[in-house]
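*Asks:* Coordinates for the following, if possible.
(3 chains)
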Amino acid sequence: MDASELQPISDFLSALTPFDSLSDAALQRCCRALTIGYYSKASGYVPLDEDHPQLYIVRTGAFEVRNQDGELVDRLGDGDYFGFPSLLSGDKISNRIQILEDGLVYHLDPDTFNFLRNESREFDRFFNRAYAQRMRHQGRFKAKEMATTNRISTLMTKQPLTIDVNACVADAARLMRDNRVSSVLVIDNQQLKGILTDRDLRNRVIALGHDGQLPVHQAMTTSPTVLNSQALVFEAMLLMSECNIHHLPIIDDGEPVGVITSTDILRGQSTQPLLLIGEIERQSNLESLINVSKQIPLLLQNLISADARAEEIGRVLTSVTDALTRRLIVLNQQILGEAPLAFCWLAFGSQGRQDQAACSDQDNGLLVAGEMDEHAQGYFEALTKAVCQGLDSCGYVYCPGDIMAQNPKWRMTLTQWQQKFEHWVKQPEPKALMHASIFFDMRCVFGSASLFDSLQDHVLANTKGNDIFLAGMAGNSLQVSPPLGFFKKFVLERDGSEVKGIDLKHKGNALINDIARVYALFAGIKEVNTAKRIRELMQLNIINRKDALNLADAHEFIAHMRLSNQGYQYTHNETVSNYLMPQQLSSLVRHQLRDAFKVVHDAQAGLKLKFTRSF
Amino acid sequence: MDVQTLTYLIVGVTFALYIGIAIWSRAGSTKEFYVAGGGVPPVMNGMATAADWMSAASFISLAGIVSFTGYDGSVYLMGWTGGYVLLALCMAPYLRKFGKFTVPDFIGDRYYSQAARTVAVVCAIFICFTYIAGQMRGVGVVFSRFLEVDVETGVYIGMAVVFFYAVLGGMKGITYTQVAQYCVLIFAFMVPAIFISVMMTGHVLPQIGFGAELIDAAGNGTGVYLLDKLDGLSAELGFSQYTEGSKSMIDVFFITGALMFGTAGLPHVIVRFFTVPKVKDARVSAGWALVFIAIMYTTIPALAAFSRVNMIETINGPESTGVAYETAPEWIKNWEKTGLITWDDKNSDGNMYYAKGPESEMKIDRDIMVLATPEIANLPAWVIALVAAGGLAAALSTSAGLLLVISTSVSHDLLKKNLMPDISDKKELMFARIAAALGIVMAGYFGINPPGFVAAVVAIAFGLAASSLFPAIIMGIFSRTINKEGAIAGMVIGLAFTASYIIYFKFVNVADNNPDNWFLGISPEGIGMLGMVINFAVAFAVSKVTAAVPQNVVDMVEGIRFPKGAGEAHDH
Amino acid sequence: MNAILSKLGLFWRAWRTQHPLIKDYYAELAKLLQYKLADIPMLAIDLEMTGLDPAFDQILSIGIVPIKNGQLQMAKAQHKLVSIDGSVGQSAVIHGILDNQLQDALSPEQAMQWFMQQSKGHLLVAHHSPLDLAFLEQGISLHLAEPVKLLAVDTLAVEKRRLLRQQEVFKEGELRLGACRERYNLPVYNAHNALIDAIACGELLIAQMAAMGDGDKLTVTDLF
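*Replies:* Okay, the predicted model is just below:
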């Protein structure tokens, strides 16, 4: 019989991504393979058959995906899907589907599902992405209650200070003083016996008139209340207020692995970005700014463990850096007085693009409105030195390439900057361009916006449509290709015999930044953030919609992998780096990463064709 | 080892070399190279440019033409060299300042018109296409001889090789691959020339041997000079004297002009000047390229003369009465298999005889001269194999460049910018590859059914370039008054005139293709220059009667010629 | 219903009838009735007719879709056109079945045989089943030369009882298939043919069953 008789069903499916990418024949085969079920709110949850995973397509109704802990993962309505994670991973079904509103649901069996995945790359990719997104979402909804659902392991002091039971309290007090802590764990044979705090020293030693030779075990709190490192911060707070204590030893497998104090918890909560920025703006001297900026790595870790989008993490961290820079400029101007000329503090590179992450160095410059006389020279030299130094002490180390406002080379007037850029554009020497590329990602952090605009407008007027320059930029960005070898196998970086892994930054995100930059300069787009550049290029129809969406997804995915890898490295006390070992990934994530790199590879091929006229 | 095995071996080794260099330059990411303070030195860039420049036409056919037509053939040498100088010195620096990467983009912007851009794209595709057809013929000749198949099959094989090289391989466009190609091809060209020069005149440098006294087998001077001997032989056999041309003065003038201005309008060579970042470097590498090109071009007349003397003596024998076919040397039989040499025993004496006119029993295709010379001179087998590798190198480097121009023009300029603005990168790339494949297939067709010899086909490409793109570029740089209407009309009429003249004499009415029927005695090879004059005239006339050029474009043109302070001044 | 259509009655009919297809139908149906409702295989059907009078009008097409474990099986959904004497006439506008489409249709005899084969081992389901059953019973007795009594769940009747439990009166048209479906949040189908309506009817039934609550406790009597 004629399959088009199932028209209402095929009409519905063909309007759904990714079914819209299927051929007619495949779509009809799919319609034919469906079974149709109906789920009523009264029964509570959709009964999922462990042994027969299938793809559920919501035709009508409303459903909620909840994980084992009952936490909300996703909400679904008409045209949404569930059941695909276990279809893809082969893992056991772990989520439950709560029925919010009665509805009709189509079921697709695994065989047909796999057939369609083979049939259409788009179809396959859609569900792989949806799966990745689902995994991220599982954290996204959690992130709302970040402060309370965080694990203790993210806040506690690792490698706690310990002392033997037979030591004397004077030794303990000295140890605490030297390490500037308010408690020490008392151990005997690696086993926790008790905890000695400031309060114990006060109440049980000094108040009772004992001398410093008193053994620790007589002064300590024996069998203290403990928690394990996987407990929630919330539980720690609860325990502390119940027992009226301020220190909790953290025990894993019987051994003490850390201590968490009420101050740690307080600090954890203050690393909300807004609070942190507010705090920065309240500080009145460098020392306190340095102190506040110590929370920045923690903020990053919190954001990572909350599984925020990589793009958001970059923006949040950059806004903290911006706030810090602005505060430093204001504080120093209070000392040096009003500036003799209008100026702009320029941020380049990752700060310019708003995608800072761990261990960023500073890349900045100064744009001055007019010719500087000797006084102005001196003023700006003092100002920039102070600010750059301040940033350095706050953890933004000096730029190894010396691209900093304190370097007189990068402290220029408008005309000088314009000429500098003109030189790069007119003489696109590969080496010079490679170093110059970060300058094209510039943003005004402090100062006159109109002054900055007159520089940026001039630069873009020069780059727009300048094919020789763009060919040079494109050629440079094509020097590095994504780490995929023949047969799409990952290419690992090696350092001698040591395998370092996949360089997610330099072989992934940096390439996408480069691609977006070339297009943006070609089109004269002012935006410098990569995701926003891509979005704008898509709107201007300079990059095809599909290519643009793929590229933006790949950017986010690779950045996300990089950040979560760094989060993993941080919590496991490994050196934080951009290298990822693919063995650590599940086969599905490996597949997705490969897809993301493939997108980068294709985008590079497009760039090569368009700008260097070659393929 | 026999010639065939050696050919496989040497061609294989050279290919392995190109691939090896490509992989090496990929792996050792050039980025690190820049950081190390390197960069491509102008000498290397000059070699790469020379490889791009010296096509199968230069390598295979030019010496053949000079050899057969003597003085007449030298117009190619003059035209091409002159054109290169014109391009390097007068045009490239200005075009660079304009910031446009391709000729159509320059024309589109300068004449503020998408239509002008499209016309230029069409011209560029047309020109590249004709040029590449010449290359295919050359590759076909190489393969046919050394794989001992007929020339048609040779072209098919050549098509496949060029396709893989240009479309799938990642080794094109890499400077060091092209340096290697230059080395292979110049070595392949010089070795047999030096060998023969030593054998015939005792001079190592063929350039000197050309004007020297011939020696006999014992190495003693015979008192006869090479060119005199050739003149004598030519006269005896009914040809015009070797050192005197048969072409009319005006034709020589026009062909030279067409070649020269055409060279300057060739799209794939202009691009080379933009891939060097600094204007100064571009000039220096252009100079080096000229030196490297000169090495070959100055050898061509000598090689041509040697091989002609050799060939005539081998076929006609020392007494000029003909040699028995039975005793004919191996090379004649080998080339007969390709169909490029045929023997028709008209007087049934069993002897071969080569002369001008009806009594000639031999038909010899000119394109085989360079390839056959080592065999005629009885040089060792490896020299013969080397020449094959050289011919391939010449054809590959040039056709890869041309195919890129064709395919990216089709996919990016025609499709993406005109017809399908919403196309995805993947599709664009796919269309580029399809365009390259189509380009090869069509070029292959003309390689099999050539409208002329390799060099002559290429000359037509130059004529088309001279009559269409060259005037548009020159006026774009040096005139403020030419507007878009003028430029478009000029290009269209120039190209149409030249193309129809060529098509008429080369395809439609081949029988009439002789000086008596030519317009003003100008051959199809030279008509491009007249087309160019017409282009100029039409452009000026149309511009006079249509709207003036907008002020911003006038400023732009002035900016190119009189840079305001920046740019050059800050070159440090 | 147990009273009227007891197992005994079905066995009696099975014993009496001559036609093997009809015999099987009764025998299988008798077995089904003892299952829990959720486990009974059902077959949602819909007919298109030239008119509304079984005595004069003829069946144009039959759509069927099996329901197994409470799910519609699209793989086994079928749609058969039935050839008729004379022209489709006026009703063609409604059904969209044109005369020439009927050319490769089944003859009424083939259609009835096919239908009996398909319904074997299934409990029939239709919206306003008396009409469809009347046409089918008429067709079967005419073409298979055996009188038959078919048993079908009527989704309209199910809905009517449900509504009566909730409210006293209901407006005209509230029991039409589309209106019933709307109450269960089922999608609106714009196209109509026997198959799509059979699917629509089947979906309505599983929605009604779901609304009745605990599937394990329901028996076939809850539908009559």
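
*Asks:* From now on I want contacts and neighbour counts done on CA atoms only, so please keep to that.
*Replies:* Fine.

*Asks:* name the element the residue in the stretch 101-250 of chain B positioned nearest to chain A belongs to?
*Replies:* Nearest to chain A, among the residues of the stretch 101-250 of chain B, is B:F101, at 5.1 Å (Cα to the nearest Cα). According to DSSP states H and E, B:F101 maps onto no helix or strand at all.

*Asks:* That one contacts A:G472, doesn't it?
*Replies:* No: the pair B:F101 / A:G472 is not scored as a contact, 10.3 Å apart, by Cα atoms under 8 Å.

*Asks:* Confirm that B:K346 sits in a strand.
*Replies:* No: in this structure, B:K346 is coil, not part of a strand, as judged by DSSP: H, G, I helix; E, B strand; the rest coil.

*Asks:* Now do the same contact list for B:L392.
*Replies:* B:A56, B:V139, B:V142 (Cα atoms under 8 Å, 6 or more residues apart in numbering or on different chains).

*Asks:* Distance-wise, check it relative to B:I60.
*Replies:* 10 Å (Cα to Cα, to the nearest Å).

*Asks:* residues making contact with stretch B:143-155?
*Replies:* Contacts of stretch B:143-155 (Cα under 8 Å, 6+ apart): B:3-4, B:7, B:136-137, B:139-142, B:157-158, B:334-335, B:337-340, B:388, B:444, B:447-448.

*Asks:* which parts of the stretch 401-550 of chain A sit against chain B?
*Replies:* A:419, A:422-423, A:426-431, A:465-469, A:471-472, A:476, A:479-480, A:541, A:543-547 (Cα under 8 Å from any Cα of the partner chain).

*Asks:* Need the buried ones from those selected in ChimeraX.
*Replies:* This is the ChimeraX syntax for the buried subset of those, where burial follows 16 or more other Cα atoms under 10 Å in any protein chain shown:
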select /A:419,422,423,426,427,428,429,430,431,465,466,467,468,469,471,472,476,479,480,543,544,545,547
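
*Asks:* so of the residues of the stretch 401-550 of chain A next to chain B, which ones are in helices?
*Replies:* Of the positions in those, A:419, A:422-423, A:426, A:430-431, A:467-469, A:471-472, A:476, A:545-547 sit in helices, assigned by DSSP state H.

*Asks:* circling back: can you flag which of the contacts of B:L392 belong to helices?
*Replies:* Using DSSP H, the contacts of B:L392 in helices are B:A56, B:V139, B:V142.

*Asks:* so can I have TSV of those residues showing pLDDT, distance to chain A and neighbour count?
*Replies:* Listed next are these as TSV, based on pLDDT from 0 to 100; distance: Cα to the nearest Cα, whole Å; neighbours: other Cα atoms under 10 Å in any protein chain shown:
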residue	pLDDT	distance to chain A	neighbour count
B:A56	73	22	31
B:V139	79	23	31
B:V142	79	27	28
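
*Asks:* Domain-wise, how is chain A divided?
*Replies:* Per automatic domain parsing, the structural domains of chain A span A:3-144, A:152-264, A:271-413, A:473-612.

*Asks:* Which positions within stretch B:334-349 qualify as buried?
*Replies:* Applying 16+ other Cα under 10 Å to stretch B:334-349 flags B:N334, B:W335, B:E336, B:K337, B:T338, B:G339, B:L340, B:I341, B:T342, B:W343, B:D345 as buried.

*Asks:* Need the nearest residue in space to the second one, chain neighbours excluded.
*Replies:* Using Cα to Cα, 6 or more residues apart in numbering or on different chains and skipping residues adjacent in sequence, the residue nearest B:W335 is B:I341, 5.7 Å away.

*Asks:* The one you found: what's it in contact with?
*Replies:* B:I332, B:W335, B:M362, B:K363, B:I364, B:D365.

*Asks:* How about it: which residues does it bridge to?
*Replies:* Following DSSP bridges, B:I341 is listed with bridge partners B:I364.

*Asks:* Quick check: the gap between it and chain A.
*Replies:* Remark: distance between B:I341 and chain A (Cα to the nearest Cα, to the nearest Å) = 39 Å.

*Asks:* C:A198 now?
*Replies:* As defined by Cα to the nearest Cα, C:A198 lies at a distance of 11 Å from chain A.

*Asks:* Which secondary structure element is home to that residue?
*Replies:* helix C:194-211.

*Asks:* chain center to that helix, what's the gap?
*Replies:* Remark: helix C:194-211 is offset 11 Å from the chain centroid, using Cα atoms, centre = their mean, to the nearest Å.

*Asks:* and it, what other elements does it pack with?
*Replies:* strand A:35-39, strand C:42-49, strand C:59-68, strand C:71-73, strand C:78-81, strand C:123-126, helix C:155-166, helix C:177-183 (3 or more Cα pairs under 8 Å, 6 or more residues apart in numbering or on different chains; DSSP states H and E).

*Asks:* circling back: most neighbours out of the contacts of B:I341, which is it?
*Replies:* Using other Cα atoms under 10 Å in any protein chain shown as the neighbour test, the contacts of B:I341 are led by B:W335, with 24 neighbours.

*Asks:* How about the residue of the stretch 401-550 of chain A found nearest chain C: what's its closest non-neighbour residue?
*Replies:* Here the stretch 401-550 of chain A gets closest to chain C at one residue, A:K546, 30.8 Å apart by Cα to the nearest Cα. Among residues not flanking A:K546 along the chain, B:S424 sits closest, at 7.2 Å (Cα to Cα, 6+ apart).

*Asks:* Would you list the phi and psi of that neighbour?
*Replies:* Taking degrees, to the nearest 10, you get phi -80, psi 160 for the backbone angles of B:S424.

*Asks:* Check A:N179 too.
*Replies:* phi -100, psi 0.

*Asks:* Any figure for the gap between it and A:L248?
*Replies:* When A:N179 is compared with A:L248 (using Cα to Cα), they lie 18 Å apart.

*Asks:* Those two: who's more crowded?
*Replies:* A:L248 (24 against 12).

*Asks:* Give me the buried positions along the helix or strand containing that one.
*Replies:* Secondary structure assignment for A:L248, by DSSP H and E: strand A:247-252. Going by neighbour count (16+ other Cα under 10 Å), the buried part of strand A:247-252 is A:H247, A:L248, A:P249, A:I250, A:I251.

*Asks:* quick one: least confident helix or strand in the chain?
*Replies:* By default, I'm working from chain A. Between all helices and strands in chain A, the lowest mean by mean pLDDT, DSSP states H and E belongs to helix A:146-149, at a mean of 44.

*Asks:* Chain C, not that one
*Replies:* Min over SSEs of chain C, mean pLDDT, DSSP H and E: helix C:92-95 (a mean of 54).

*Asks:* And the helix or strand that comes right after that helix, how far out from the chain middle?
*Replies:* Following helix C:92-95 in sequence order, the next helix or strand is helix C:108-119 (DSSP H and E). On the basis of Cα atoms, centre = their mean, helix C:108-119 sits 13 Å off its chain's mean C-alpha point.

*Asks:* same question, stretch A:57-72
*Replies:* Per Cα atoms, centre = their mean, the centroid offset for stretch A:57-72 relative to its chain is 27 Å.

*Asks:* which residues are in contact with it?
*Replies:* Here stretch A:57-72 has contacts from A:73-82, A:94-108, A:138, A:141-142, C:185-187, using Cα under 8 Å, 6+ apart.

*Asks:* Which ones among the residues you listed map onto strands?
*Replies:* A:73-76, A:81-82, A:96-101, A:103-108 (DSSP state E).

*Asks:* Need the nearest residue in space to B:V151, chain neighbours excluded.
*Replies:* In space, and not counting its chain neighbours, B:V151 is closest to B:S144: 4.8 Å by Cα to Cα, 6+ apart.
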